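>>> no FASTA, just this:
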């Protein structure tokens with residue numbers, strides 16, 4: 001059975017909002033339906049992209065409650081919190097993948113991940129004109145699309161234009177190199193199509209993905225199933241509590257999001273900065289990324305505090 005969620009019940013954004021308001025039981029019912037459709041469509045040749053975080057932990061539990069033998073795939077980027085790696089090691093039937101390049105090499109070749117994937121991509125595009133991307137650059141900078149019309153979406157916000165002249169490279173290539181490429185290589189080798197635990201509320205890009213493809217992107221170039229797409233963070237925690245699931249102890253250390261330790265996406269809007277927290281909980285990794293990898297200069301440039309000494313100096317001045 002093939003179902004891409006595009007039903008006639010209002011606009012797809014309205015449908016997303018409607019489903020986000022479902023009870024956990026309602027969401028779980030629809031999630032299992034989407035999992036079943038994806039599994040059967042691919043004759044069981046599927047896997048779960050498992051990051052060790054709470055979202056993929058819940059996804060793996062749901063998938064294996066239906067199909068116990070489904071393999072989990074973990075991208076060991078070298079950037080995970082130690083507590084995440086420890087948790088992944090206790091999960092059965094997990095294949096570990098390795099990226100071809102480490103973080104140091106990626107930032108040297110492409111640039112640092114700052115603000116968001118979309119902003120980093122825009123900055124990288126603007127700073128690297130090819131002649132073929134003139135229309136994109138015009139849109140990002142001047143809000144004019146290829147048809148000569150003024151637009152408001154998918155443009156570079158004024159507050160980030162100062163990054164065009166940043167004294168360091170900026171890029172969105174981290175995720176491609178550390179997660180997407182190893183997973184695609186694995187998919188090409190095995191033919192397995194992945195379940196991924198991303199949710200629409202996490203970003204505009206993911207919301208657009210759901211609106212365009214639904215949970216199961218059968219016809220997309222990047223074929224994947226995101227059966228938790230219409231869930232919210234509170235649903236994940238409710239499921240964990242109701243099912244008494246084990247999860248990485250990193251969440252008991254004050255971290256709400258895990259992912260790569262050195263990623264700077266979204267750090268500018270955090271109430272308690274991840275790098276200040278890292279200084280307390282993982283001082284060795286903090287020193288390495290701030291001083292050895294140069295994240296300190298990047299965070300200074302975008303105005304994000306990253307060490308307690310900065311705060312002490314600020315207090316002295318005030």
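All right, it came through fine. These numbers come from a predicted model, not from an experiment.
>>> tell me which residues in the helix ranked longest in the chain are buried?
Criterion DSSP state H: the longest helix present in the chain is helix 24-41. Burial within helix 24-41, assessed by neighbour count using 16 or more other Cβ atoms under 10 Å, is assigned to 24, 27-28, 30-31, 34-35, 37-39, 41. The C-beta positions use only the backbone N, C-alpha and C, and glycine is treated the same way.
>>> cool, and stretch 284-297?
By 16+ other Cβ under 10 Å, the buried positions in stretch 284-297 come out as 285-286, 288-290, 293, 295-296.
>>> correct me, but residue 52 touches residue 72?
No - Residue 52 lies out of contact with residue 72 (Cβ atoms under 8 Å); the separation is 9.6 Å.
>>> Which of the two has more residues huddled nearby?
Comparing residue 52 with residue 72 by other Cβ atoms under 10 Å, the one with more neighbours is residue 52, at 27 against 24.
>>> Would you confirm that the more buried one belongs to a strand?
No - Residue 52: not assigned to a strand; according to DSSP: H, G, I helix; E, B strand; the rest coil it is coil.
>>> quick one, what contacts it?
Shown in contact with residue 52 (Cβ atoms under 8 Å, 6 or more residues apart in numbering): 74, 80, 84-85, 87-88, 248, 258.
>>> possible to save the residues you listed as TSV with pLDDT and neighbour count?
Formatted as TSV, these follow (pLDDT from 0 to 100; neighbours: other Cβ atoms under 10 Å):
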residue	pLDDT	neighbour count
74	96	22
80	92	24
84	96	23
85	96	15
87	97	20
88	97	21
248	96	23
258	85	20
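>>> mind putting these in JSON lines, distance to residue 280 included?
Shown next, in JSON lines, are these (distance: Cβ to Cβ, whole Å):
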{"residue": "74", "distance to residue 280": "27"}
{"residue": "80", "distance to residue 280": "18"}
{"residue": "84", "distance to residue 280": "18"}
{"residue": "85", "distance to residue 280": "20"}
{"residue": "87", "distance to residue 280": "20"}
{"residue": "88", "distance to residue 280": "24"}
{"residue": "248", "distance to residue 280": "18"}
{"residue": "258", "distance to residue 280": "16"}
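>>> Does anything pack onto the longest helix of the chain? Which helices or strands?
Packed against helix 24-41 by the contact rule (3 or more Cβ pairs under 8 Å, 6 or more residues apart in numbering; DSSP states H and E) you find helix 54-66, strand 193-195, helix 233-242.
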